[in-house]
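Engineer: heads up, no residue letters with this:
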């Protein structure tokens, strides 16, 4: 914060200006302290899956859908959407999603590198480390393809079964995450943004922030070795389809049409 010193003014007024400068600096330092506290609360509530507290610190909430008499039937959140739906807690699907979310944040760590505040806006540079979910998802796709190749027929039935298992429990995916564990760690540098609303700072949940704390899960491409293995399996599957000929094409066509209904 810069202040022009008016050397021609009497010392009393000059002293008053210096006093205001000191107060302004303390206010800025206090703002950064509050920001650090909000960021800490955000990350700790995320780590513990205390989602109500997480929502209080962030703009995770987007909107609410209501029925014709005004009762909320669904809410939209930027992250952990399925865990925050009205009346969703306690069901099998909720438990499966919660277990997966718990596993995703289990090894997450973070460090605040820098905070830059400009009035009611702020940028926070962070380094976030987590299990490498890019590798996990690549390995999981390989798992699905291998199951399809090893199954009878063209493997569509096996894929449907695997997808049902994923929806109901995610056991194979969670088992794979346990296998990879902390052996493969993804560390990402990300800048997150915060906005002051009244006296409260609110952290913005951007796609970049989500991707960082979820271990680069949203990456478009897999590591080179996994991409190579996936391409090999896809070629083997194409060959399997060719061997089954028209029957395979008809089965796939029926399966795809059923997905659209």
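Structural biologist: The structure has been received and is ready for your questions. Small disclaimer: the values here were computed from a predicted structure and weren't measured.
Engineer: switch to C-alpha atoms for all contacts and neighbour counts from now on
Structural biologist: Fine.
Engineer: Surely residue 226 touches residue 140?
Structural biologist: No: if you go by C-alpha atoms under 8 Å, residue 226 and residue 140 don't touch, sitting 10.2 Å apart.
Engineer: Give me the contacts around stretch 179-190.
Structural biologist: 107, 125-133, 135-136, 208-209, 212, 215-216 (C-alpha atoms under 8 Å, 6 or more residues apart in numbering).
Engineer: Among these, which lie within strands?
Structural biologist: If you go by DSSP state E, those have 125-131 in strands.
Engineer: Closest to residue 99 out of the residues you listed?
Structural biologist: Minimum distance to residue 99 across those is 15.5 Å, recorded for residue 131 (C-alpha to C-alpha).
Engineer: wait, doesn't that closest one sit right on residue 107?
Structural biologist: Yes: Residue 131 is within contact range of residue 107, at 6.4 Å (criterion: C-alpha under 8 Å).
Engineer: and these two? which has more neighbours close in?
Structural biologist: residue 131 (29 against 16; other C-alpha atoms under 10 Å).
Engineer: Read off the pLDDT value for the more buried one.
Structural biologist: Listed pLDDT for residue 131 reads 93.
Engineer: what's the closest non-adjacent residue to residue 158?
Structural biologist: Leaving aside its chain neighbours, residue 158 sits nearest to residue 148 (5.8 Å; criterion: C-alpha to C-alpha, 6 or more residues apart in numbering).
Engineer: Same question for residue 81.
Structural biologist: Counting by C-alpha to C-alpha, 6+ apart, the residue nearest residue 81 is residue 75, at 7.8 Å.
Engineer: The one you found belongs to a strand, doesn't it?
Structural biologist: Yes: the assignment for residue 75 is a strand, going by DSSP: H, G, I helix; E, B strand; the rest coil.
Engineer: Please shift the residue numbers so they start at 4 in all later answers.
Structural biologist: Shifting the count to begin at 4 puts that one at residue 78.
Engineer: Which residues are in contact with residue 111?
Structural biologist: 50, 131-134, 216.
Engineer: so who does the residue nearest the centre of the chain touch?
Structural biologist: The chain has residue 213 as the residue nearest its centroid, 3.0 Å off, counting by C-alpha atoms, centre = their mean. Residues near residue 213 by C-alpha under 8 Å, 6+ apart: residue 82.
Engineer: Next, work out how far apart it and residue 221 are.
Structural biologist: 9 Å (C-alpha to C-alpha, to the nearest Å).
Engineer: With residue 198 instead?
Structural biologist: Applying C-alpha to C-alpha to residue 198 and residue 221 gives a distance of 25 Å.
Engineer: Repeat that for residue 71.
Structural biologist: 36 Å.
Engineer: between these two, who's got more neighbours?
Structural biologist: Relative neighbour count places residue 221 above the other of residue 71 and residue 221, with 15 against 7, counting by other C-alpha under 10 Å.
Engineer: Using the three-state scheme, assign that one.
Structural biologist: Taken by three-state DSSP, the conformation at residue 221 corresponds to coil.
Engineer: For the residue nearest to it when sequence neighbours are not counted, which residues are in contact?
Structural biologist: Nearest residue to residue 221, sequence neighbours excluded (C-alpha to C-alpha, 6+ apart): residue 214, at 5.7 Å. Residue 214 makes contacts with 220-222, as judged by C-alpha under 8 Å, 6+ apart.
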